[in-house]
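> how does the following fold in three dimensions:
(chains A, B, C, D, E and F)
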Number of protein chains: 4
Amino acid sequence: MKETRTRILSAATHEFAHHGLGGARVDRIAKRAGANKRMLYYYFGSKEALFLAALEASYAHIRSAERDLDLEHRDPREALRRLVDFTWTYYLEHPEFMTLLNSENLHKGRHVRHSKRVRELHTPLVDTLRAILRRGERQGLFRRGVDPVQLYISIAGEGYFYLSNRYTLSRIFGRDLMAPRELHGRARHITDLVLNAVRS
Amino acid sequence: MKETRTRILSAATHEFAHHGLGGARVDRIAKRAGANKRMLYYYFGSKEALFLAALEASYAHIRSAERDLDLEHRDPREALRRLVDFTWTYYLEHPEFMTLLNSENLHKGRHVRHSKRVRELHTPLVDTLRAILRRGERQGLFRRGVDPVQLYISIAGEGYFYLSNRYTLSRIFGRDLMAPRELHGRARHITDLVLNAVRS
Amino acid sequence: MKETRTRILSAATHEFAHHGLGGARVDRIAKRAGANKRMLYYYFGSKEALFLAALEASYAHIRSAERDLDLEHRDPREALRRLVDFTWTYYLEHPEFMTLLNSENLHKGRHVRHSKRVRELHTPLVDTLRAILRRGERQGLFRRGVDPVQLYISIAGEGYFYLSNRYTLSRIFGRDLMAPRELHGRARHITDLVLNAVRS
Amino acid sequence: MKETRTRILSAATHEFAHHGLGGARVDRIAKRAGANKRMLYYYFGSKEALFLAALEASYAHIRSAERDLDLEHRDPREALRRLVDFTWTYYLEHPEFMTLLNSENLHKGRHVRHSKRVRELHTPLVDTLRAILRRGERQGLFRRGVDPVQLYISIAGEGYFYLSNRYTLSRIFGRDLMAPRELHGRARHITDLVLNAVRS
DNA sequence: GATGAATGAGGGTTCATTCAT
DNA sequence: GATGAATGAACCCTCATTCAT
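Alright, predicted model coming up:
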């Protein structure tokens, strides 16, 4: 049954997300997948290859959900707002994705460097965002010269930093940043910030 | 002489930054510090205690540099611009600090949770930023109701996400985000973003 | 093959007996068992769990040999004499058992405390000894009111102390207590003592 | 001040008694003695030499208390009874002595072997016991041919085994052997045993 | 596809002891 | 007499990986 492969991949994502690449344990992944440890090597070859597979799957997942937003045919400001909201919510609901990225960057992108798939997944995203910005410019809503990549990094970064570092930030500022009130405040804050940043 | 202690702490910061808490090797720390492995335990008690010490020292370092900006007596917009610029530059020049924070958050803030010192270090920062915002409001420059904590998280997050995830971001967007041109572009982008976000 | 497990257990018994729990070396156990050190943890989980396993096996061994004495159907005095002789001989031939017990008591019975098995092994022994004493009473050979547990502790203790402390005793009394003549003298001494202790 | 030496010795006795020779920690001894670790080496030379010193002091202590019993001028049966009672009570109140002996025997008497002092301490004990037995024989109370050394080993062993192995024995027999009732029972049991063993 | 048994390298930590003062 | 700093060897244990079936 092909299920085993899937179960391993999902167990691995969970493990890598909770412990990082170095802290992840092959034994725990196998146990959680209800599979023999050997099968992990049968399907993926090595722990690191499995990590890359988990990372690629995570990228594919967020990009796929993004596509469902159907941003191409909407009012530019509404499209941007939807993207901001989606991105915030996605990170909020998928903290494991952030941990995976942190691990990969700790290792200087060693795994992702050789992944064609990951590169291909993102061309549409940039294209879509660029189109939104252009439409906004043409309609006189957005100022000229906004780089879609820089903008996307801001959209993502505003949520990412807050959520990824929630433990240290909550501690140093003496506030529980995961309390509902704080989360709502952050969502509004980000939307304002981004929309202000592009308006003409 | 207390030198050994200092050398261990600085070697540890380097090691933790490059490999994370789990990936850091006590042997390498000792070697780099030119000390016996035993001394690490003599002075710090355990690898985790050493990690906390490194983290606290890093926090102390950035906050200390921040204080030297002398933000209290400047024009509010100038003060904000200086803080934004300082923060971006600091992360750019101290990537190890970001990695340390990532590690700590991977472990859900386990170490920082019991550190009084880290909490105390940040009260002045929030106070300063709050004072700047108030002066800006009174002078009619800034809009009312901006939360200094949320704003600081944005200031930091804009640089942090870009720099901390530079490897994956460079790969998925097919651009070398560490090229000088890109870095300058980012700096300008962030400054605009933040100043726009608070203007009245 | 389960052989490895058995070899580890027997090597561990030897090592614990000769060096105590604290002084035992996991490396030596593995080497003596002709196994990889890792297998010790594969089969037993930890050094302490292995110690308990060795202790349980030792208890099981002496109790099993005891059962073969077939004490139930013999003349009460003959049965007692056989038990005394067996116990002395067993300790003489299995000094490792005494060392194991000493270690366990040095640690206040920490391991044995949670072993159901060890408790169960001893109910039959007490039952048997109680039956012997009762038959002796009914036949007018033994005095009433002898506690089988107290008696067994005496039977064991007479040999145990002599043999377990043979080095210090030999030294302080200036006599080689392990010389054949001394050993025979002790055996006779114990038998007399115990039989005198119960006679009516 | 000479006190330091004494404090170290007494701290060492406590530590060796609770953890055995191998499990004892030089650091803990120094801490408990309120002394610097280096002083331990200054006064005793090594951990093992300190162990021997503790052992010798313990032997000296019990023998000294024994001498105070003034057995020489008493009725033989009364003298014997007093010795039995004293020995039981001493082990009961000084469990650390038993642990020390166990440790020394685990190491095959390595330290005591070269101690003249320990040998000398015991000649009077044997002489005294021999004299008691002779007087008993002459008075027709005791049977002939009882070896004072074998008898002393019985007197000591009856208490030693019970007390030294109290944890395992309590567990395997399902009875708390340290409960007051059990202790009194044991004391009586031993006295009966020994007096029966020598009577003519 | 799947499994239990096995491995060697190396992980963090602790030890008794000594150096310099 | 007394001390804080330093050491190297060795401790128990864990790791990702592979073998034989």
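> for chain A, longest helix please?
Counting by DSSP state H, the longest helix found in chain A is helix A:116-138.
> close to chain B, is that helix?
Yes. Helix A:116-138 is in contact with chain B by Cβ under 8 Å from any Cβ of the partner chain, via A:118-119, A:121-122, A:126. From N, CA and C alone the C-beta is placed, and that goes for glycine too.
> what helices and strands are in contact with whichever helix or strand comes after that helix?
Counting by DSSP states H and E, the next helix or strand C-terminal to helix A:116-138 is helix A:148-164. Packing partners of helix A:148-164 (3 or more Cβ pairs under 8 Å, 6 or more residues apart in numbering or on different chains; DSSP states H and E): helix A:76-93, helix A:95-106, helix A:116-138, helix A:180-198, helix B:148-164, helix B:180-198.
> so how far is helix A:148-164 off the chain centroid?
10 Å (Cα atoms, centre = their mean, to the nearest Å).
> then it to PDB, C-alphas only?
Output of helix A:148-164 as PDB, limited to C-alpha atoms (Å, rounded to 0.1, in the frame of the first residue of the first chain):
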ATOM      1  CA  PRO A 148       6.500  42.400  -5.900                       C
ATOM      2  CA  VAL A 149       9.200  40.300  -4.300                       C
ATOM      3  CA  GLN A 150      10.000  42.900  -1.700                       C
ATOM      4  CA  LEU A 151       6.300  43.400  -1.000                       C
ATOM      5  CA  TYR A 152       5.700  39.700  -0.600                       C
ATOM      6  CA  ILE A 153       8.500  39.400   1.800                       C
ATOM      7  CA  SER A 154       7.000  42.200   3.900                       C
ATOM      8  CA  ILE A 155       3.600  40.600   3.800                       C
ATOM      9  CA  ALA A 156       5.000  37.300   5.000                       C
ATOM     10  CA  GLY A 157       7.500  38.800   7.300                       C
ATOM     11  CA  GLU A 158       5.000  40.800   9.300                       C
ATOM     12  CA  GLY A 159       3.200  37.600  10.400                       C
ATOM     13  CA  TYR A 160       6.200  35.300  10.300                       C
ATOM     14  CA  PHE A 161       8.400  37.200  12.800                       C
ATOM     15  CA  TYR A 162       5.500  37.700  15.200                       C
ATOM     16  CA  LEU A 163       4.400  34.100  15.100                       C
ATOM     17  CA  SER A 164       7.700  32.300  14.800                       C
END
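> CA atoms only: put the helix or strand just after it into CSV for me.
The C-terminal neighbour of helix A:148-164 among helices and strands, as given by DSSP H and E, is helix A:166-173. Extracted C-alpha coordinates of helix A:166-173, given in CSV (Å, rounded to 0.1, in the frame of the first residue of the first chain):
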residue,chain,number,x,y,z
ARG,A,166,6.1,34.3,19.8
TYR,A,167,7.7,32.7,22.8
THR,A,168,10.6,35.1,23.1
LEU,A,169,8.5,38.1,22.1
SER,A,170,5.8,37.3,24.7
ARG,A,171,8.5,36.9,27.3
ILE,A,172,10.6,40.0,26.6
PHE,A,173,7.5,42.2,26.3
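> give me the residues contacting helix A:166-173.
A:162, A:176-178, B:59, B:101, B:104-105, B:108-109, B:112-113, B:115, B:118-119, B:121-122, B:126, B:149, B:153 (Cβ atoms under 8 Å, 6 or more residues apart in numbering or on different chains).
> go with 6 Å
A:176-178, B:101, B:104-105, B:108-109, B:112, B:118, B:122, B:149 (Cβ atoms under 6 Å, 6 or more residues apart in numbering or on different chains).
> and A:His73, what pLDDT?
According to the per-residue confidence, A:His73 scores 87 in pLDDT.
> give me the neighbour count for it.
Using other Cβ atoms under 10 Å in any protein chain shown, the number of residues around A:His73 comes to 6.
> mind checking the SS state of it?
What DSSP: H, G, I helix; E, B strand; the rest coil gives for A:His73 is coil.
> are any of the residues of helix A:116-138 next to chain B buried, and which?
A:118, A:121-122, A:126 (16 or more other Cβ atoms under 10 Å in any protein chain shown).
> run a quick neighbour tally on the residue of chain A found nearest DNA strand E.
Nearest residue of chain A to DNA strand E, counting by Cβ to the nearest atom of the strand: A:Arg38, 2.9 Å away. Residues lying near A:Arg38 (other Cβ under 10 Å) number 9.
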